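In: this one's sequence-less:
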């Protein structure tokens, strides 16, 4: 009897060990597939590893904008002309951007644009939003890859974007080496770039806020709160917490502490030159400016543009915005000084 029991125990143990080995084999195959995906685009990490290291936020902030100043002109995607790349001489007159003011254009439809030196990179609408480039002086055109580009953002000599044809995964194109690589396998919504960190809305984890270095290392979840609207300010992260009625919160990366700063129903918070703006959803979607003292915890805000706004883009020159009354009319409000 004892021999039978011993035999059964040995068999069960072997079965469990074989089962564990089988699971490990499947896991390794999965990682290998991930490696192949990443290595095929050259330059990325072999694997993603969560990190507990503290991120450091600075004034070094980049985010997507379809309105670009190059020192002499405004380059933008013109909704009146099917998002054709258009150029208007700077300074820009306040109010509506009119097609009659356009002095030059590139005959390509583009939802996303980014400028590095004299090269304009864009998502080419006639090429399934493939990443393309054009020299703004010579008009020389190049097709770079066949990704479906969204939210193209430049950071130094790199372009960061989500690829709609790859479940909105985050990619980087290095303009210096002409290498393309995947940063993370997460599905990504909104993102900003600060001090070599990409801070992003992780759609793969219920829109919680994550960060990852631009080289694909040090991936980590910053908070369990959900948000699609955040920016860096005074070395902290500000965000509207969609888990708490879009109230304003701050995240201190040095302590990993979150706290509610103000009860409001806000969206699309942006920081341009340490000036904060947002859409006040409790006041007809007007654009508001905000002054904030994180040390004292004081928040003050007032209306900046009293129009119902769908979306806006704050630049060093002023605010470009889309009124809900006419989405094809882009309006411009100039700041007092650039």
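Out: Thanks, I have it. As the structure is a computational prediction, the values presented were derived from the model and not from experiment.
In: shouldn't residue 243 be within a strand?
Out: No - counting by DSSP: H, G, I helix; E, B strand; the rest coil, residue 243 is not found in a strand; it is helix.
In: got a list of what it touches?
Out: By CB atoms under 8 Å, 6 or more residues apart in numbering, residue 243 lies in contact with 225, 226, 227. Using the backbone N, CA and C atoms, a C-beta is placed for each residue, glycine as well.
In: got it, and residue 136?
Out: Applying CB under 8 Å, 6+ apart, the residues contacting residue 136 are 70, 75, 115, 118, 119, 120.
In: can we see that at 6 Å?
Out: For residue 136, the contacting residues are 118, 120, taking CB atoms under 6 Å, 6 or more residues apart in numbering as the criterion.
In: distance of it from residue 119?
Out: Per CB to CB, to the nearest Å, residue 136 is found 7 Å from residue 119.
In: okay, which residue is most central for this structure?
Out: When CA atoms, centre = their mean is applied to the chain, the residue found nearest the centroid is residue 191 (2.2 Å).
In: in a strand, it, correct?
Out: Yes - in this structure, residue 191 lies within a strand as judged by three-state DSSP.
In: surely it touches residue 197?
Out: No - checked against CB atoms under 6 Å, the pair residue 191 and residue 197 is beyond contact range at 10.2 Å.
In: show me what counts as buried in stretch 289-298.
Out: 289, 290, 292, 294 (16 or more other CB atoms under 10 Å).
In: and which of these is nearest to residue 210?
Out: Of all the buried residues of stretch 289-298, residue 210 sits closest to residue 294, with 22.1 Å by CB to CB.
In: any stretches of the stretch 201-338 of the chain with poor pLDDT?
Out: 337-338 (pLDDT under 70).
In: okay, the contacts of residue 243 in a markdown table with distance to residue 101 next?
Out: Below are the contacts of residue 243 laid out as a markdown table (distance: CB to CB, whole Å):
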| residue | distance to residue 101 |
| --- | --- |
| 225 | 43 |
| 226 | 41 |
| 227 | 37 |
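In: in strands only, show me the residues you listed.
Out: 225, 226 (DSSP state E).
In: highest neighbour count among the contacts of residue 243?
Out: For these, the largest neighbour count, defined by other CB atoms under 10 Å, is 26 neighbours, found at residue 227.
In: need the contact list for that one.
Out: Shown in contact with residue 227 (CB under 6 Å, 6+ apart): 209, 239, 241, 242.
In: surely the first one is in contact with residue 222?
Out: Same thing as residue 209. Yes - with contacts counted by CB under 6 Å, residue 209 reaches residue 222, the gap being 4.7 Å.
In: so between these two, which is more surrounded?
Out: Each of residue 209 and residue 222 has its neighbours counted (other CB under 10 Å); residue 209 has more, 25 against 21.
In: can you give me the distance of residue 117 to residue 71?
Out: Taking CB to CB, one finds residue 117 at 11 Å from residue 71.
In: tell me which of those two has more neighbours.
Out: The neighbour count for residue 117 versus residue 71, taken as other CB under 10 Å, is higher for residue 117 (10 against 5).
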